[in-house]
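[1] Quick one: sequence plus predicted model below, questions after.
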Amino acid sequence: GKYLPTALGLLEVVRTEMEARERAGTLCEFKPQELSNTLWSFATVGKEAPKVFAGVAEEIKRRGLSEFGPQDIANSIWAFVTAGQSDPELMDCVDKEVMKKGLANFNRQELANLVWAFAKAEHPMDRFLQQVEEEVVARQLWVFRPQELSNLVWAFATAGRQAPTMFQAIEEEIVGRDLGTFKSQEFANIAWAFAKTGRKAEALFASMETELLQQRNLSLFIPQELSNTLWSFAKLGHGSTTLFNAVASEMMRRGLVNFKTQELSNAVWAHASTGQSSEGLFEAVEAEALRRGLEAFSAQDLANMVWAFGKADFVVGEQLLVRLREEFERTRQSGHGMQFKAQELSNLLWACAKMQHIAKSLFNSAEAKVRDVVQHQQLRSKSDDSRDPSEAEGGAIAPLEVPDEMRCYAQVGQQAEAMFTTV
């Protein structure tokens, strides 16, 4: 707020002093809480101080964490991650200390902040999460604030840990509360976490839909929150036509210029995968994609967007197909550009074929890439039989397996002899 300039100025003085003390080797004079509070202050106001963080990290690792209380530990790690500082050795020290002492003395906020930080830093934490799950289930969840519940499920979903008992308990707790007390970010993150872990949570999503349609002002959701919420409903097969239309209307009302490419792709994918029709949204997304240029999209986002167009029987204009052809040509000639996975390429070509577009030049350009992808997939399948080929990373379900590219080529009258030989 109005005090931020003053705080930043003060922290600049503190930064200079801390760096001087680090060089003089006198950080050992700071108590654990003083080190923790210093880091927390820099991270909270967004003041960059990499040398301060590095110096404090070395000091903590030198002395160990035995004298640090739960709040000191949680605030320090939260500050490191929030400030974008990386120190795997420090994270390991915290992990070992927590495993040794347990989590019983961490209050709900310290617990939620700690698990959030570990997940955000993508630090290995299987044993830690097992301990957190047991601790959370043993506690009274009614004392947890919305942000703390949100941080917990978000962290577990980000780490790919199911924790069914904990998720069930948190679902029941949230359903019993007034969802109006949850901020839009907490709301969206909870929906995303349940969808990411594949928990149907029908009662939770029914309550969420009621809240969205009857109580919430969707204009208060930032694009990522709006997109993640819609994706979550679609991923689990929840949501009425009224809900999908409301989100589509809000997106078109505010315009798509501030939506990231993944958010655009997720929105049309969500509609198409659930059979929802929103021609206005699809037209707006197509126009925005052309305005930005397809090179702005990742391979996954582009494939999912075009797949959604095909799945929804949306008739795209000639210009989009021309741009796709140009992107393939650029990749073929330069060796740079988008690198499609097998399923992404399958989705893309399936969509073109389904739209009955005779894109001979597009398939010509893609043919060499298809051969490479198929050969790579054959080698990969020998070493990874456990991978489910029906689910793409971003949630789009592949309409066809890779060998069905032959059907795509047949539909558009293209021979592609070399590819058929490879398959």
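    Noted; the coordinates are in hand.
[2] Got phi/psi on the closest residue to residue 316 other than its chain neighbours?
    Spatial nearest neighbour of residue 316, excluding adjacent residues (CB to CB, 6 or more residues apart in numbering): residue 309 at 5.4 Å. Glycine gets a C-beta too; all of them are placed from N, C-alpha and C. Here is the backbone geometry of residue 309 (degrees, to the nearest 10): phi -60, psi -50.
[3] Could you report the neighbour count for residue 309?
    23 (other CB atoms under 10 Å).
[4] ok, now how distant is it from residue 354?
    Going from residue 309 to residue 354 by CB to CB, to the nearest Å gives 9 Å.
[5] ok, the residue nearest to residue 316 - contacts?
    Contact analysis of residue 309 by CB atoms under 8 Å, 6 or more residues apart in numbering lists 268, 272, 282, 286, 316, 351, 355.
[6] What confidence value was assigned to it?
    pLDDT recorded at residue 309 is 93.
[7] go on, residue 412?
    43.
[8] what do you get for the one 4 residues further on?
    For residue 416, the pLDDT comes out at 37.
[9] now residue 22
    87.
[10] any weak-confidence spans in this protein?
    1-6, 335, 337, 356-423 (pLDDT under 70).
[11] So for it, the centremost residue is which one?
    residue 158 (7.8 Å; CA atoms, centre = their mean).
[12] Was I right to think residue 233 contacts residue 239?
    Yes. Counting by CB atoms under 8 Å, residue 233 touches residue 239, with 3.6 Å between them.
[13] Overlap in contacts, the two.
    With CB under 8 Å, 6+ apart, residue 233 and residue 239 have common neighbours 205, 209, 274.
[14] out of those residues, who has the most neighbours?
    residue 205 (23 neighbours).
[15] list the contacts for that one?
    With CB under 8 Å, 6+ apart, residue 205 has these contacts: 191, 194, 232, 233, 236, 238, 239.
[16] now those in TSV, with neighbour count and distance to residue 300?
    Shown next, in TSV, are the contacts of residue 205 (neighbours: other CB atoms under 10 Å; distance: CB to CB, whole Å):
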residue	neighbour count	distance to residue 300
191	27	21
194	25	22
232	26	18
233	23	20
236	19	20
238	21	23
239	23	23
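[17] okay, among those residues, which ones form the most distant pair?
    194 and 239 (13.2 Å; CB to CB).
[18] And the residue nearest to the centre of the chain, how far from residue 148?
    Residue 158 is 16 Å from residue 148, by CB to CB.
[19] and if you look at residue 325?
    50 Å.
[20] for residue 82, same thing?
    From residue 82 to residue 148 the distance is 16 Å (CB to CB).
[21] now swap in residue 96 and tell me
    24 Å.
[22] again, but for residue 56
    26 Å.
[23] picking that back up, if you count surrounding residues, which of residue 82 and residue 148 has more?
    A direct count of neighbours by other CB under 10 Å for residue 82 and residue 148 places residue 148 higher, at 21 against 18.
[24] What are the phi and psi values at the closest residue to residue 139 other than its chain neighbours?
    Residue nearest to residue 139 in three dimensions, not counting chain neighbours: residue 108, with 7.4 Å by CB to CB, 6+ apart. Note on residue 108: its backbone torsions stand at phi -60, psi -40 [degrees, to the nearest 10].
[25] Just give me the neighbour total for residue 108.
    Residues near residue 108, counting by other CB under 10 Å: 17.
[26] Help me confirm that it comes into contact with residue 146.
    No. Judged on CB under 8 Å, residue 108 makes no contact with residue 146 at a distance of 11.5 Å.
[27] list the contacts for residue 112?
    144, 147, 148, 149, 151, 152.
[28] Out of the contacts of residue 205, which is nearest to residue 225?
    Ranked by distance to residue 225 (CB to CB), the contacts of residue 205 are led by residue 191 at 9.2 Å.
[29] Report the separation between the closest one and residue 221.
    With CB to CB as the criterion, residue 191 and residue 221 are 11 Å apart.
[30] Overlap in contacts, those two.
    In contact with both residue 191 and residue 221: residue 229, using CB under 8 Å, 6+ apart.
[31] Go ahead and confirm the residue nearest to the centre of the chain touches residue 119.
    Yes. Contact criterion CB under 8 Å: residue 158 and residue 119 qualify, at 4.3 Å.
[32] What separation is there between the residue nearest to residue 107 when sequence neighbours are not counted and residue 127?
    In space, residue 107 comes closest to residue 70 once its chain neighbours are excluded; the distance is 7.1 Å by CB to CB, 6+ apart. Note on residue 70: its distance to residue 127, by CB to CB, is 18 Å.
[33] The two: which is more packed in?
    Using other CB under 10 Å as the criterion, residue 70 and residue 127 rank with residue 70 on top: 17 against 12.
[34] correct me, but the more buried one touches residue 104?
    No. At 9.4 Å, residue 70 does not count as touching residue 104 under the criterion of CB under 8 Å.
[35] State the number of residues packed around residue 210.
    Using other CB under 10 Å: residue 210 sits among 13 other residues.
[36] after the strand or helix carrying it comes which helix or strand?
    Residue 210 belongs to helix 202-214 when assigned by DSSP states H and E. The helix or strand immediately downstream of helix 202-214 is helix 223-235, counting by DSSP H and E.
[37] Now do that following helix and helix 202-214, the angle between them.
    Put simply, helix 223-235 runs at 130 degrees to helix 202-214, going by axes from the mean of the first three to the mean of the last three CA atoms, to 10 degrees.
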